[in-house]
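have a look at this prediction, sequence included:
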Amino acid sequence: MALLILTVWNADYRLVFWYSLIPGIVSVLLIARYIDTDGRGRLAGPHFSWSVGGFNKRMYTFLLAIGLFSLGNSSNAFLILKAEHEGVSAAWISAMYLGFNTVYAISAVPGGYLADRYGKRLMIAGGLGLFAGIYSGFALATSEVEIASLFILYGIYMGLTEGAQRAYLAGLAPESRRGTAFGLYHMIVGIAVLPASLIAGVLWDHMGPTAPFWYGASLAMLGSMILIVTSDFRNADAFVQFRS
């Protein structure tokens, strides 16, 4: 719909935002009317605690790798800025983003299967390596075809790793600490979001449009190497199936 609006009404972004209110409001009404909870959750303990202990080494190395990666994972707005910088029209940028989301949705299920089959940690490490390649490609891309291809690859990356990260995290944490583990994960990612985009913006302004992508690619590769180097393949999930 955004692509149609931008094409027919000559890049009227304001109209796109007004339109986005409609599905947003309908979604809220559907949740309020039809979605119900299954009762109160059981408290893990009698007292609240700020402790982030009680996790194994693989949990902390995973959080370290994701934290470093997140410091280089700037806002997707920089992908759009790159496309605009190379002369891609607003309508084509919307089409590319539509393609990205479509590929993301299609690849999510096979991505989950591959994570179950070959190991979530290996899938995440490979996904971060793929992200590094994609960001390197954005740094070098100069044409619409190249940028469109990279958006498609970015959708594949999301489908392969987004679910695997959360599934792997759930498997690392004991049941009584699972909520804390997810809170810690999102806290680390959330704290990294602001400096990641600020650094990318400074690099863009002072070193050029390619610098944010080289920076993001470097940290993604570092995160991938941490996961690979610290992997205990004797105990890694599904690695026995991988060898067989």
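Ah, there it is. For clarity, every value in this text was computed on a predicted model and none was experimentally measured. Numbering: from 1, shown residues only.

list the buried residues for the helix or strand hosting Asp205?
When elements are assigned from DSSP states H and E, Asp205 belongs to helix 178-207. For helix 178-207, burial by neighbour count (16 or more other CB atoms under 10 Å) applies to 180-181, 184-185, 188-189, 192, 196-197, 199-201, 203-204. Just so you know, the C-beta spots here come from the backbone N, C-alpha and C atoms, and that holds for glycine as well.

kindly report the same for stretch 14-24.
Buried residues in stretch 14-24 (16+ other CB under 10 Å): Val16.

report the distance from that stretch to the chain centre.
24 Å (CA atoms, centre = their mean, to the nearest Å).

so, low pLDDT: which residues of the protein?
11, 37-54, 232-244 (pLDDT under 70).

how about the helices in it?
Ranges of helices in the chain, per DSSP state H, are 2-8, 13-34, 57-72, 77-85, 90-118, 120-140, 144-172, 178-207, 211-229, 239-243.

centre of the chain versus the second one, how much separation?
Read that as helix 13-34. Put simply, helix 13-34 sits 24 Å off its chain's centre (CA atoms, centre = their mean).

send the alpha carbons of that helix over as CSV?
Provided in CSV are the C-alpha atoms of helix 13-34 (Å, rounded to 0.1, in the frame of the first residue of the first chain):
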residue,chain,number,x,y,z
TYR,A,13,5.1,10.3,2.8
ARG,A,14,2.6,12.2,4.9
LEU,A,15,-0.3,10.3,3.3
VAL,A,16,1.6,7.0,4.0
PHE,A,17,1.8,7.8,7.7
TRP,A,18,-1.9,8.7,7.9
TYR,A,19,-2.8,5.4,6.1
SER,A,20,-0.6,3.4,8.6
LEU,A,21,-2.9,4.5,11.4
ILE,A,22,-5.7,2.4,10.0
PRO,A,23,-4.1,-1.1,10.3
GLY,A,24,-2.5,0.0,13.6
ILE,A,25,-5.9,0.9,15.1
VAL,A,26,-7.6,-2.2,13.8
SER,A,27,-4.8,-4.4,15.3
VAL,A,28,-5.2,-2.8,18.7
LEU,A,29,-9.0,-3.4,18.5
LEU,A,30,-8.5,-7.0,17.5
ILE,A,31,-6.1,-7.6,20.4
ALA,A,32,-8.5,-5.9,22.9
ARG,A,33,-11.5,-7.9,21.7
TYR,A,34,-10.2,-11.3,20.9
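
thinking again about what came up before, let me have the buried residues of helix 178-207 in TSV, extended by distance to Leu98.
Below are those laid out as TSV (distance: CB to CB, whole Å):
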residue	distance to Leu98
Thr180	37
Ala181	34
Leu184	34
Tyr185	29
Ile188	31
Val189	25
Ala192	28
Ala196	25
Ser197	23
Ile199	29
Ala200	24
Gly201	26
Leu203	28
Trp204	25
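
next, work out how far apart Val79 and Gly127 are.
One correction, residue 79 is Leu, not Val. For Leu79, the distance to Gly127 equals 17 Å [CB to CB, to the nearest Å].

which of these two has more residues huddled nearby?
Remark: of Leu79 and Gly127, Gly127 carries more neighbours, 26 against 23, as counted by other CB atoms under 10 Å.

list the contacts of that one.
Tyr157, Leu160, Thr161, Ala164 (CB atoms under 8 Å, 6 or more residues apart in numbering).

so which of the residues you listed is the most crowded?
Tyr157 (26 neighbours).

that one reaches Tyr135, doesn't it?
No. In this structure Tyr157 lies outside contact range of Tyr135 using CB atoms under 8 Å: 9.9 Å.

contact partners for Met59?
Each residue near Met59 by CB under 8 Å, 6+ apart is listed here: Leu169, Leu172, Ala173, Ala181.

what's the neighbour count on Met225?
Residues within reach of Met225, counting by other CB under 10 Å, total 15.
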